[in-house]
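A.B. asks: structure of the sequence below:
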Amino acid sequence: MTIKRLFCKQVIISISKTNVNNIMVLSANYITNINRALKNIKFKVIVNYIWSETMEITIISNAVVTLSNF
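C.D. replies: This next block holds a predicted model:
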């Protein structure tokens, strides 16, 4: 039996429309800071991009987080 592994992990955060716009303006900075923090703790997962919807943002990473990512 083969189990297909997910290729990305989504973290969905519900916030107001104004805050979504503010975050998306500086999304490149947020991605850089998140990835730097993940690298500093030797985490093998990185953030690929931030996606915005009407009242939420979704952070997309390169892998599903498991204990083997440490």
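
A.B. asks: from now on I want contacts and neighbour counts done on CA atoms only, so please keep to that.
C.D. replies: Fine.

A.B. asks: identify the bridge partners of the residue nearest to the spatial centre of the chain.
C.D. replies: With distances taken as Cα atoms, centre = their mean, residue 59 lies nearest the centre of the chain, 3.0 Å away. Beta bridges link residue 59 to residue 11, residue 50 when assigned by DSSP bridges.

A.B. asks: was I right about it contacting residue 24?
C.D. replies: No: using Cα atoms under 8 Å, residue 59 is not in contact with residue 24, being 11.3 Å away.

A.B. asks: can you check which residues contact both of those two?
C.D. replies: Residues touching both residue 59 and residue 24 (Cα atoms under 8 Å, 6 or more residues apart in numbering): residue 50.

A.B. asks: ranges for the helices of the protein?
C.D. replies: Using DSSP state H, the helices of the chain run over 17-25, 27-40.

A.B. asks: out of those, which comes closest to residue 11?
C.D. replies: helix 27-40 (13.1 Å; Cα to Cα).

A.B. asks: contacts for that closest one?
C.D. replies: Against helix 27-40 from outside (Cα under 8 Å, 6+ apart): 44-50.

A.B. asks: so for it, mean pLDDT?
C.D. replies: For helix 27-40, the mean per-residue pLDDT is 93.

A.B. asks: ditto for stretch 53-67
C.D. replies: pLDDT averaged over stretch 53-67 gives 79.

A.B. asks: buried sites along that stretch?
C.D. replies: 57-63 (16 or more other Cα atoms under 10 Å).

A.B. asks: relative to residue 12, which of the residues you listed is nearest.
C.D. replies: residue 58 (4.5 Å).

A.B. asks: need the contact list for the nearest residue to that closest one once chain neighbours are set aside.
C.D. replies: Excluding its sequence neighbours, the residue lying closest to residue 58 (Cα to Cα, 6 or more residues apart in numbering) is residue 12, at 4.5 Å. By Cα under 8 Å, 6+ apart, residue 12 lies in contact with 56-59.
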